[in-house]
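1. below is the sequence, then the predicted model.
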Amino acid sequence: MSPSWLDSLRFGLFPDRVVFARYGRGLRRRFLERGSIAVEPGGPEPWRAPLAALAGLLQKHAPRPADAGIVVSNHFVRYLVLGANAGLSDGQEWREYAAHRFQETYGAKALDWDVRVAVTKTKGPRIASAVDKALIETALGAFAGSRARLTSIEPCLVSAFNKATPPAQSFWFVLHEPGRVLLGFVSDGAWQSVRGRRAGTQWREELPQMVKRESALLAGAEPCREMLLSSLEGEEMVTA
């Protein structure tokens, strides 16, 4: 069956809830429904509660065959920017290099992470992401017996950035979700840094000072005040 004739499901995993949207089959996807379900946050593996809720949502909201994608909150993802490396020729080599860098940065616990590197058209720096391998395995298990097929698991940062329209060649990409804000610096169309911070209710007022501190850490980077701001409160995470 052609993917064009399948329903499309999108799920967003937050520490305290799962958001979802369903789109109907056809060449032009029709919005059918959207919603969320709250979960009790916390625990040593805080992604387990939203994934347990996702299994129940599949039983209720996948009445016929569908392709499904999951967007993972930045609370559950680690990021690194990999410098340009002419010695890496394909995606597998980039992933091995990224895995090595994560182990250097985070130690032996990084061995239990699933590492991906975002594809880029340039030969410059690339952004790498890592989530617990158990998260991937549990997500796949949630779809067992469902009429939906899991086709993608995507970090929130990558999903949000791909939907954005860059304001300039060099800018700060600021991505907020409840409790966390990511600050990424893009220069000449390439990632230079990504760093996450805890965010309270006054994060907008504190943002200029955050950017100032991050700028100071980027030795040699040109001053940049241009910003692209994206704030995800929930359902925006699953908008097609």
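-> Alright, I've got the coordinates.
2. helices of this protein, residue ranges please.
-> For the chain, the helices defined by DSSP state H cover 48-61, 91-106, 133-142, 156-163, 203-217.
3. pipe those into a markdown table and attach distance to Leu32 and mean pLDDT per row.
-> Where C-beta positions appear, they are placed from N, C-alpha and C, glycine not excepted. Shown next, in a markdown table, are the helices of the chain (distance: least, CB to CB, whole Å; pLDDT from 0 to 100):
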| stretch | distance to Leu32 | mean pLDDT |
| --- | --- | --- |
| helix 48-61 | 9 | 92 |
| helix 91-106 | 35 | 95 |
| helix 133-142 | 21 | 96 |
| helix 156-163 | 20 | 89 |
| helix 203-217 | 33 | 88 |
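4. for Ser73, which of those is the nearest?
-> helix 156-163 (5.6 Å; CB to CB).
5. strands paired with the least confident helix or strand in the chain by mean pLDDT, and their directions?
-> Taking mean pLDDT, DSSP states H and E as the measure, the chain has strand 227-231 as its least confident helix or strand, at a mean of 82. Using DSSP bridges, the strands paired with strand 227-231 in its sheet are strand 171-177 (parallel).
6. and the strand it pairs with, how far out from the chain middle?
-> Relative to its chain's centre, strand 171-177 lies at 13 Å (CA atoms, centre = their mean, to the nearest Å).
7. relative to helix 203-217, how tilted is that strand?
-> Calculated by axes from the mean of the first three to the mean of the last three CA atoms, to 10 degrees, strand 171-177 forms an angle of 140 degrees with helix 203-217.
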